[in-house]
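1. pasting the sequence and the predicted model now:
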Amino acid sequence: MMAGISPWTVKAVFNGTIPSRRLFIVFANKHNLDFGTNNVARLSSTPDGNDRLHTAPKTQNKPTAKAVTISKAMRAYMEQAKAYDDKMKAEVADFEIGKRHLANIMGEDPDSFTQADVDRAIEYLLPSGLYDKKARPVMKDPYEIFPKKKAAQFGLDGRPYHWMYFTILPNYYSTLYEITWKLEALKDSEDQMRAENRLDEMEGQSFNTASSEWISLQALKTRMVENIKEKEYNHFVTLMERLVSHPLSGREQNFIMEWRVSLQAEELESAVPEVEVEEGGRMCATATGTRKSSNAIVKVYKPGSGNFIINGKDLTYFPQNLYRETLLLPLMVSDLLGKVDTEVDVELGGPTGQAGAIRLGLSRALLAFVEDDVKEKMRLSGLLTKDPRKRERKKPGQQGARRKFTWKKR
Amino acid sequence: MAASIGKVLLRANSVPANLSILCREHQLTCSVRSLSTSQRWTSRISPAWFQQESVQVPTPHPATDTREATLNATLQHEDYFGVKDLATLRDLFNARVHLGHNSGLRHPSMSPYIFGARQGCDIIDLEQTLPLLQQALNVTGHIVYRGGMVLFLSRQMQVLPWVERLARELGEYSHCRPWQRGTFTNSSSLFGTLPIYPELCIFLGTQDTVFETHRGVTEASKLLIPTVGIVDTNCDVDPITYPVPGNDDSPVALHFYMHLFRSVILKAKEKRKADGVK
């Protein structure tokens, strides 16, 4: 039972092959990470298609009324699809068995063993010191690991479904086509309004680009299910900008917003903590913050008199002024200095990490007590953004993360 | 279907022997160079055949004839899709099809189709263009009639959306975007399937940029995919199977060509439906 996760397996996986089917543990190396880029929607199952493959008349000498002529390309596709389906079926079966084994190893009920339990078990059984999380061992549904196959792009007669099939990027180019015609329509209506002397009606009809931005290249790739390059992405954005800059672009708001994401609005909405009202009508909001390895839980009470308690001490918890100022920045930006009381539990890390963690937690907690414009101000001043930097690991053959051993030629 | 389309091309290329003598020497050398060039060479003189009076063959009866017989009968017909009624010389002139480029830009292979030069600008001989255009339309009609895929290609930015819309409305295909090398010649690896090729490529302009020939022309020629191409005075005629000398820059002219191809393809689809060709 343990064979599936023996060191031998791990070594073999490193060599680039995946011999172990029992537990289906693979290392998500770079090759695996690129899955999302060039693969496409889940294979559309063609149960009857496979049947037809076998029943299709191989000799065309006796044409009958019911005979379906299948193009060579389609036949090849069907064979590929069948092979893929068979492979995936085997892999899924292996995965299910492996999951049950894993549950038994962990002494849990195999029937109620979820993916979260699998992840936990893998982390426990195969602790990995690899820095990049994506390089650590995983055990997942085969459909998430193996590249998905593109559904057939053409019919039985060999005629492609998409009228831009031959461009290789039909979805991408047909979107450009759509944008172009929307722009042409706007130009037409502008001309008409100009001719009818109704130019003043055009004011305020342009699309407002504030508070949203174009979807990323990766998102566009996923949406189009095509391998779009940087150059094509830039072309897409240019064309979209041209549409947006038209004075009547507000009319195409829905279409434009399909290709934009409104970032901060969502973030702020989700980040605002709930307000609890205590006895005596005092409001309290709680939020957490992290920086480096420190964690802080911040409670903000309103109304208050500006008390600041950190792990039972006041601001003198931090001997240096720099850290004290760091803590006060959110209060100053939100103009609540001296109007709220703050209570903080902070653990781990050094003073820089702790101060940063408190600052982030405090900013988040304060969101409960401020107006939308102040929230935007806080976002712009970077108070709500988590500092993602972490300690960089020491490298072998070096003294530290970057520092090399002292070396003199002779 | 491939076989029947091959027959269309064969028929279009079957030229009386005495006519081929009329070919100029340089055209002969061209014809040796590549297979598709030889197709083009024969097709270039075939309008002479096209203008001959041929025996009127009655329209086939789909109920009694088999598919092959129906298809063959349409080939005997002189003008099955009525392409001769689509355009007149005057129409071509009005659409400014005769306007070529500056004489200095002339491509040597275009010289047979040039009427002369006026104020340093080449004028295309519309009397040669008209039969070639009709022949190209006829071939297009026959290929569509047999269920062939037609691919419209153009790199002229001014009419690009219109060409794409044309292809979409006709239920055919378009490629007016940057040509990735190997779209035809390396298609199995680019598309990840066995190669699928269009049965006819219609180039509404055979140049990619001002200086370069469209790569699709070369690739179609290598794979013997028949091509219809509007060739301006600065274009290479040789790799095009059915060249139509004419202005490929003015939007008026291009919209005119699009109108013609639209009419003939719609007509062919209509006939295909009416004759019950499957």
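-> Cool, the structure landed. Numbering: from 1, shown residues only, chains lettered A, B, ... in the order given.

2. touching chain A at all, stretch B:199-207?
-> No - judged by C-beta under 8 Å from any C-beta of the partner chain, stretch B:199-207 makes no contact with chain A; its nearest approach is 9.5 Å. Heads up, the C-betas are built off the backbone N, CA and C, glycines and all.

3. now that stretch - C-alpha only, PDB.
-> Extracted in PDB, the C-alpha atoms of stretch B:199-207 (Å, rounded to 0.1, in the frame of the first residue of the first chain):
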ATOM      1  CA  GLU B 199     -11.400  23.800 -51.800                       C
ATOM      2  CA  LEU B 200     -10.900  27.300 -53.200                       C
ATOM      3  CA  CYS B 201      -9.100  30.400 -52.000                       C
ATOM      4  CA  ILE B 202     -10.300  33.700 -53.200                       C
ATOM      5  CA  PHE B 203      -7.700  36.500 -52.800                       C
ATOM      6  CA  LEU B 204      -9.200  39.900 -53.000                       C
ATOM      7  CA  GLY B 205      -5.700  41.200 -53.300                       C
ATOM      8  CA  THR B 206      -2.700  38.900 -53.500                       C
ATOM      9  CA  GLN B 207      -0.300  41.300 -51.700                       C
END
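
4. now A:Leu322. Its backbone dihedrals?
-> phi -50, psi -50 (degrees, to the nearest 10).

5. pull the contacting residues for it.
-> Contacts for A:Leu322 (C-beta atoms under 8 Å, 6 or more residues apart in numbering or on different chains) come out as none.

6. what number of residues lie near A:Asp117?
-> 16 (other C-beta atoms under 10 Å in any protein chain shown).

7. helix, strand or coil for the nearest residue to A:Ile228 once chain neighbours are set aside?
-> In this structure, A:Ile228 finds its nearest non-sequential neighbour in A:Lys221, 5.1 Å apart by C-beta to C-beta, 6 or more residues apart in numbering or on different chains. What DSSP: H, G, I helix; E, B strand; the rest coil gives for A:Lys221 is helix.

8. A:Lys221 touches A:Glu230, doesn't it?
-> No - A:Lys221 lies out of contact with A:Glu230 (C-beta atoms under 8 Å); the separation is 10.8 Å.

9. between these two, who's got more neighbours?
-> A:Lys221 (20 against 8).

10. interface residues of the stretch 51-200 of chain A facing chain B?
-> Counting by C-beta under 8 Å from any C-beta, the stretch 51-200 of chain A sits next to chain B at A:71-73, A:76-77, A:150, A:153-154, A:157-160, A:163-169, A:173, A:177, A:180-181, A:184.

11. how far away is A:Lys82 from B:Leu153?
-> 35 Å (C-beta to C-beta, to the nearest Å).

12. of these two, who's got more company?
-> More neighbours surround B:Leu153 than the other of A:Lys82 and B:Leu153, with 27 against 14 (other C-beta under 10 Å).

13. name the residue of chain A that lies nearest to chain B.
-> A:Ala73 (4.0 Å; C-beta to the nearest C-beta).

14. quick one: low-confidence parts of chain A?
-> Within chain A, the ranges that satisfy pLDDT under 70 run A:1-69, A:147-150, A:264-270.

15. go ahead and flag the most central residue of it.
-> Residue closest to the average C-alpha location in chain A (C-alpha atoms, centre = their mean): A:Ala219, at 8.7 Å.

16. which non-adjacent residue is nearest it?
-> A:Val261 (7.6 Å).

17. give me every residue that touches that neighbour.
-> A:Ser212, A:Glu213, A:Trp214, A:Ile215, A:Ala219.

18. show the buried residues in these.
-> A:Ser212, A:Trp214, A:Ile215 (16 or more other C-beta atoms under 10 Å in any protein chain shown).

19. dump the residue contacts of the residue of the stretch 101-250 of chain B found nearest chain A.
-> Proximity of the stretch 101-250 of chain B to chain A (C-beta to the nearest C-beta) peaks at B:Leu194, 4.0 Å away. By C-beta under 8 Å, 6+ apart, the residues touching B:Leu194 are A:Lys72, A:Ala73, A:Ala76, A:Tyr77, B:Ser188.

20. which parts of the stretch 301-410 of chain A are helices?
-> Remark: helices assigned in the stretch 301-410 of chain A by DSSP state H, counting those that start in this stretch are A:321-333, A:351-366, A:372-380.

21. what of the stretch 151-300 of chain A?
-> Taking DSSP H, counting those that start in this stretch as the test, the helices found in the stretch 151-300 of chain A are A:170-195, A:217-224, A:230-244, A:253-258, A:263-271.

22. show me what the fourth one is packed against.
-> The reference is to helix A:253-258. In terms of contacts (3 or more C-beta pairs under 8 Å, 6 or more residues apart in numbering or on different chains; DSSP states H and E), helix A:253-258 is packed against helix A:230-244.

23. before we move on, the earlier item: using a markdown table, please lay out the contacts of B:Leu194 together with secondary structure, distance to B:Gly141 and neighbour count.
-> Below are these laid out as a markdown table (DSSP: H, G, I helix; E, B strand; the rest coil; distance: C-beta to C-beta, whole Å; neighbours: other C-beta atoms under 10 Å in any protein chain shown):
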| residue | secondary structure | distance to B:Gly141 | neighbour count |
| --- | --- | --- | --- |
| A:Lys72 | helix | 26 | 12 |
| A:Ala73 | helix | 26 | 20 |
| A:Ala76 | helix | 31 | 13 |
| A:Tyr77 | helix | 31 | 24 |
| B:Ser188 | helix | 30 | 14 |
